[in-house]
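Trainee: Just a sequence and a predicted model for now, questions to come.
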Amino acid sequence: MGPPLILLGHRLMAAAAATATATAATAATAAAATAAAAAATAATTTAATTTAAAATAATAAVAEETAAAAAAAATAAIATAATAATAAAACFHLYLAADESGLQQQQRQQQQQQQQQQQHNYHHYSLHDQQHQHQQQHQQQHQQQQQQQQLTPGAIKDMFESLLSNGLQQQQQQQQQQQQQHNYHHYNRPDQQHHHQQHQQHQQQQQQEQQEQQELTPGAI
């Protein structure tokens, strides 16, 4: 039984060795595959990272170029604005100079017009004053002549005669109205003959008084 057991032991050891070898090979294969996969993943990741970095760098470069272009445009705009401001200032100074010149010319024209107007007014009003004074003197002389003519004895006499005549006419009209009213009431009463005689006497007295008043005219006075 010795040799078969030894043979079996050898066989078992060989099988164990084969199993260990197979296991080691499998482990080595798996390790190699894992290492290869890791290497491939690392390479892919590195490549992707490199690509992303390159893209980022390109984007940054584009951004820098854009910023530089914007800065250049801003500089150009500032220069244009400065040029426009300089031109506007020059135009404004020219406008002020022209305006000042125009104002001075206008002031000179106004002064000339004022002087001409003053001279015209002086001559006009001087002549007008002379004419006005002459008219006033003529009117005063005419009024004095009229007053002198009005204050003559004949004019005074005519004035008093006119006033007295008007007063006598008014008095006669009043007396005639009173006489008419009295006659109306008196003659409507035929039984008053005595009163009628008295009325005639009274009427005669009034006529005599009127004649006496008419004789007292300003000429008679």
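Mentor: Cool, the structure landed.
Trainee: where does Q136 land on pLDDT?
Mentor: According to the per-residue confidence, Q136 scores 74 in pLDDT.
Trainee: Compute the number of surrounding residues for it.
Mentor: Q136 sits with 10 neighbouring residues when counted by other CB atoms under 10 Å. All C-beta atoms are positioned from the backbone trio N, CA, C, and that covers glycine.
Trainee: try Q104
Mentor: If you count neighbours by other CB under 10 Å, Q104 ends up with 10.
Trainee: Go through the protein and flag its longest helix.
Mentor: Secondary structure of the chain read by DSSP state H shows that its longest helix is helix 2-150.
Trainee: Now do it: which elements does it pack against?
Mentor: Applying 3 or more CB pairs under 8 Å, 6 or more residues apart in numbering; DSSP states H and E, one finds that helix 2-150 makes contact with no other helix or strand.
Trainee: Tell me how far Q176 lies from T19.
Mentor: Q176 sits 188 Å away from T19, taking CB to CB, to the nearest Å as the criterion.
Trainee: actually Q113, not the one I wrote
Mentor: Distance, Q113 to T19, using CB to CB: 135 Å.
Trainee: same deal with L163?
Mentor: Distance from L163 to T19, by CB to CB: 182 Å.
Trainee: Same check on A81?
Mentor: From A81 to T19 the distance is 90 Å (CB to CB).
Trainee: for A97, same thing?
Mentor: According to CB to CB, A97 and T19 sit 114 Å apart.
Trainee: Over to Q110?
Mentor: Distance of Q110 to T19, given as CB to CB: 130 Å.
Trainee: Kindly report the same for A68.
Mentor: A68 is 71 Å from T19, by CB to CB.
Trainee: just A25 next, same as before
Mentor: As judged by CB to CB, A25 and T19 stand 11 Å apart.
Trainee: again with R11
Mentor: From R11 to T19 the distance is 12 Å (CB to CB).
Trainee: so is Q180 in a helix, a strand, or just coil?
Mentor: Following DSSP: H, G, I helix; E, B strand; the rest coil, Q180 is assigned to helix.
Trainee: mind starting the numbering at 59 from now?
Mentor: Let's use 59 as the start, then, which means that last one is Q238.
Trainee: count of residues packed around it?
Mentor: Burial of Q238 is recorded as 10 neighbouring residues (other CB under 10 Å).
Trainee: any idea how far T138 is from A145?
Mentor: According to CB to CB, T138 and A145 sit 10 Å apart.
Trainee: Actually, A134.
Mentor: A134 sits at a distance of 16 Å from A145 (criterion: CB to CB).
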